[in-house]
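Participant: next come a sequence and a model predicted from it.
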Amino acid sequence: MLQYIGRRVLQFIPVFLGVTLMLFILTRVIPGDPVAMLSGQRAQSPQILAQMRHAYGLDLPLPQQYLRYLSDIAHGNFGQSIATGRPVREIFAEKYPYTLELAFAAILVEIIVGISAGVISAVKQYSFWDVTVTLSTSLLVSLPVFWLGMLLQMFFGIWLKNWTNGQLYLPMSGAGGAGAPFPSYVYLILPAITLASVSTAYAARIMRSQLLEVNGSDYIRTARAKGLSEGAVLRRHAIKNALIPVVTFIALDLGAMMSGAILTETVFNWPGIGYAIYTAINKRDWPVVIGATIIVTLVYMIINLIVDISYAFLDPRIRYGGSEGRQ
Amino acid sequence: MPIDDKTLVESAREDDSAPIGHHLETGGTPLDQVAAESGEGSRTLWSDALRRLLRNKLAVIAMAYLVLVTLLAITAPLWTKQLFGDPMYADTTKIMQTRFLPPSLAHPMGTDDLGLDTFARVVYGARISLMVGLLATAISVIIGIVLGAVSGFYGGITDSVVMRLTDVFLAFPYILLAILLISLMGMGLGPVLVAIGILGWTTIARVFRSSILSVKQNDYVEAARAMGASDLRIMVRHILPNALAPIIVYATMSIGGVILTEAALSFLGLGVQPPTPSWGGMLNEAQSYVVTQPALFIWPGIAIIMTVLAFVLLGDGLRDALDVKVSE
Amino acid sequence: MADDKLLVVDNLTMYFHTRDGVVKAVDGVSYELNSGETLGVVGESGSGKSVTALTIMRLIPMPPGRVEGGDVLFRGESLLKMSDNEIRKIRGNRIAMVFQDPMTSLNPVYRIGRQIAEPLILHKGMSKRDAWARAVELLDLVGIPHPESRVKDYPHQFSGGMRQRVMIAMALANDPDILIADEPTTALDVTIQAQILELMEELQKRIGSAIILITHDLGVVADMADNVLVMYAGRPVEYGSVDQLFYRPLHPYTWGLMDSLPEYDVDEKSKLCPIKGQPPSLINVPSGCSFHPRCPFAQPVCSTDVPEYRIIEGGHGAACHFAGDPGFTRAEASPVPVPAAEEVAW
């Protein structure tokens, strides 16, 4: 197993370097004058521009710039917002917990709904339920996530309010906080469902197809031959095997969600890092856009690595490497 | 061609009344060999697939829909203005009378907050979406095939480098990288096209590469070589038809994804800029009116869903028709 | 004791109803099994030998399969008519099965100990601790070295032969009355094959189970079986004691199987003679005798009339129109010459 982990970590390093190099090229090398972008394109005197260039190390040869870039990242220096002057790192620390909250809530929905739907769908193949799940999942993956968000806002924010004469409705915007009409977690409901929707559809499909595949395996036949009831065969033998790829998918999804669900956050004005990037784009606050993207990409890469490694724990075939020759 | 060899042998096998002493293991009757050598195979492969595709009702409906939408989109400048008014520039004097009209004969989908006809705007949005969908996918496919071919055919270090490159590209969260690229290039249609195009090559490269790898090992390539076929002939006659099928399937299905991405980027304000209508942009504008005028966001949404679904169904149909096993 | 034979399969018929047609997988199979006996069931792939066993255990999904007739009696009780609960009490308990491919027949994510303990806990109500202890004993019984530590290993940590031993241990956990072994050695190396068969023989003597040994290899059967059933295209074609079958085989298909066995003591000039042609599709079974397209002795009647299974000498019978006829033996019968014209049919 250590071999496996070691190999994965080793593979991570060139990818990490490649990613940072690509980011470096994109943000420092390609733009004609990075300072113009970083200073906000307001007219600056040449001296100030020259000062900035020096401060950013732009007068250094490229390889050195790259090294400095890497050291900046290592020190957590991701630039400064043009609009507010605050370090990107600070903005990130402030907004990221909201994104995490949303991500975990969505993953919870995905796990519960996705896995159950997939299992039921596979067990009762071709039944009404199976057909419904298959059709709705096909539909969901064709949906723009942000449109679904608006749809839910319409239903649960407005129509529900109208039908219940203003008694019952869900908040559509923001994250609550002090003085808000609802406790904070209520604000989480609609955004979490929206964010989870498409992923849940995928998770259900994968669960279903994995379970169907596993059901045809020889060891399932062996389990039946031992006298186990269908329920026991399903619970103890089939699901555990079928679950492995599904868990991997969901974990990777968590990584994607933790990368800032920019679309969902925008629709619901959810104050996470995605929304921050969106407002920064509108304000042309490039350092925030670039800096936040860098951080989030690093988070995404690390999570993928963790998922990769944890695969070793899930699958005993990897955990205890096969010793085929053992007689 | 290989597939037809197998089918012929298979059907011969099922014939119980084969004369005694007829060994079927050695490649079937002389008829099979004749068919293989005449190269009739490649033509029958594609027409066979087409027939199977046409039998798939969902795929046919999807294709019909797409043809219709494409026609409407291409011809739009000819008729929209005359029938529904200018989709881009509003007559500000008449706004109060023309905004938010419900669906009618004059305005099948009603009008928006500026009094512009929604249907016309949706059709114009289709122009953008379809163009980005097809062109960006084309870019991805070209890059993907080139890199995949180089990687698969030459192997060794080239292969490793290309594979590392795909790892690097896949290490980024997709949307954020697109946003980053567009922020650097400036907003608009071109940057969107380029950004989506150069991000989508990874899967295609991998698929093409693995097709090449598996086909390289197949016996019929060896057989062709033994018959004296040149490398190029092998590549074109034997490898390409088989390697191409999964690409076609994947590309078709991914057009749907591209359309969704373009819509997302336009929604965020990074795509085509107003007043040019795009589906994502329309959804952005509709945000302020979710409460009061839901029709504004429903119509473009439905357009997106139907178009994406059509490509997905078409891709599904192609996959069955071409008998491709592409993992989800 | 009395008249209750251990297992009686009586004219069992089971078809699969599929979109492409009705697959006549098991078509009128009958045999008997007594305690401690070994029955060898021989046939090519697609002869229905495995499917018959799975039908007995009710492991065939019942759509698309359907029992069209006949019955299976275990100690006088009908296995086919039992409720689901009752048959489950028999599986892995009184009748156990070992499958062909040990690599895929064991669950990769559970330890061996747990998998062997499972039937013990299920049927004998043992505690987990006792079951695992018994699992160690069983591993020792089947000849796995260091069973105390191996019991905690996963299937992929065993070699093919070892895995099959584990499967046997798992099957014998509850001292079953019948052990059904479906091609237990086919997926293994030749050298390991002999070991596994020896193991099974030994265990049979110790535990006293009856064995149904399903295989395509006559050689395996010659060694171990008391009685042999030869199957073709879902139908029984010959049945008898192992001596009767090997010394006085009645059916041309059996002769064909024997001819295709490589022999040690013949000169190099003689060739291996496989049976010509391929096994028939079970959806379009040939008319009359299902073997007639491949039978060197086929006569016109063979393509029109289905041969009934007839007893020729005490307990030994075959389904062939000419079985038992004077001169129709393996040594003496002469093949019907094939007219030259037919061979150039295309």
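Facilitator: Cool, got the structure. Here the structure is a predicted model, which means the values were calculated and not measured.
Participant: which parts of the stretch 51-200 of chain B sit against chain A?
Facilitator: Within the stretch 51-200 of chain B, the positions near chain A by Cβ under 8 Å from any Cβ of the partner chain are B:164-165, B:167-168, B:171-173, B:175-177, B:179-181, B:183-184. From N, CA and C alone the C-beta is placed, and that goes for glycine too.
Participant: again with chain C
Facilitator: Neighbours of chain A within chain C, by Cβ under 8 Å from any Cβ: C:57, C:59, C:88-93, C:96-97, C:99, C:101, C:104-110, C:118-119, C:122-123, C:153-154, C:156-159, C:161-162, C:167, C:170.
Participant: are any of the residues you listed buried, and which?
Facilitator: Buried subset of the residues of chain C next to chain A (neighbour count, 16 or more other Cβ atoms under 10 Å in any protein chain shown): C:57, C:59, C:88, C:90-93, C:96-97, C:99, C:101, C:104-110, C:118-119, C:122-123, C:153-154, C:156-159, C:161-162, C:167, C:170.
Participant: inside strands: which ones of those?
Facilitator: Among those, the members falling in strands (DSSP state E) are C:96-97.
Participant: now, among the residues of the stretch 51-200 of chain B next to chain A, which is nearest to C:Leu39?
Facilitator: Distance to C:Leu39 across these (Cβ to Cβ) is lowest for B:Asp167, with 57.5 Å.
Participant: what's the neighbour count on the closest one?
Facilitator: By the criterion of other Cβ atoms under 10 Å in any protein chain shown, B:Asp167 has 16 neighbours.
Participant: next: B:Tyr89.
Facilitator: B:Tyr89 has 10 neighbouring residues, counting by other Cβ under 10 Å.
Participant: B:Leu134 now?
Facilitator: Residues within reach of B:Leu134, counting by other Cβ under 10 Å, total 15.
Participant: that one: which element?
Facilitator: In the assignment (DSSP states H and E), B:Leu134 maps to helix B:118-154.
Participant: residues in contact with the residue lying closest to C:His123 once chain neighbours are set aside?
Facilitator: Distance criterion Cβ to Cβ, 6 or more residues apart in numbering or on different chains; nearest residue to C:His123, sequence neighbours excluded, is C:Asn93 at 4.2 Å. Contact partners of C:Asn93, counting by Cβ atoms under 8 Å, 6 or more residues apart in numbering or on different chains, are A:227, C:119, C:123, C:174, C:176.
Participant: for the last one, give me the pLDDT.
Facilitator: At C:Pro176, the model reports a pLDDT of 92.
Participant: so it sits against C:Ser209, correct?
Facilitator: Yes - here C:Pro176 reaches C:Ser209: they are 5.6 Å apart, a contact under Cβ atoms under 8 Å.
Participant: low-confidence ranges, the stretch 1-150 of chain C, go.
Facilitator: C:1-4 (pLDDT under 70).
Participant: I meant to write the stretch 151-300 of chain A there.
Facilitator: Regions of the stretch 151-300 of chain A meeting the criterion pLDDT under 70 cover residues A:166-169, A:176-179, A:260.
Participant: show me which residues of it sit near chain C.
Facilitator: By Cβ under 8 Å from any Cβ, the residues of the stretch 151-300 of chain A that approach chain C are A:217-219, A:221-229, A:237, A:240-241, A:244.
Participant: only the buried subset of these, as a ChimeraX command please.
Facilitator: A single ChimeraX command selects the buried members of these (16+ other Cβ under 10 Å):
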select /A:217,218,219,221,222,223,224,225,226,227,228,237,241,244
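Participant: now, the most widely separated pair of the residues of the stretch 151-300 of chain A next to chain C?
Facilitator: Pairwise distances across these peak at 25.9 Å for A:Gly227 and A:Ile244 (criterion: Cβ to Cβ).
Participant: look up the closest residue to A:Arg221, ignoring the ones flanking it.
Facilitator: C:Leu59 (6.4 Å).
Participant: list the residues that contact the one you found.
Facilitator: A:221, A:224-225, C:91, C:97.
Participant: of all these, which comes closest to B:Trp46?
Facilitator: Nearest to B:Trp46 among these is A:Arg221, at 40.4 Å by Cβ to Cβ.
Participant: name the element that closest one belongs to?
Facilitator: In the assignment (DSSP H and E), A:Arg221 maps to helix A:218-225.
Participant: other SSEs contacting that helix?
Facilitator: With contacts taken as 3 or more Cβ pairs under 8 Å, 6 or more residues apart in numbering or on different chains; DSSP states H and E, helix A:218-225 sits against strand C:95-98, helix C:102-105.
Participant: what does it rub up against?
Facilitator: By Cβ under 8 Å, 6+ apart, helix A:218-225 touches A:214, A:230, A:232-233, A:236-238, C:57, C:59, C:91-92, C:96-97, C:99, C:101, C:104-108, C:118, C:167, C:170.
Participant: quick one: contacts of whatever helix or strand C:Val22 lives in?
Facilitator: Per DSSP H and E, C:Val22 falls inside strand C:21-33. Outside of strand C:21-33, the residues within contact range by Cβ under 8 Å, 6+ apart are C:5-17, C:39, C:48, C:51-52, C:55, C:65, C:69-70, C:178, C:210, C:212, C:227, C:229, C:231, C:233-236, C:239, C:282-285, C:309.
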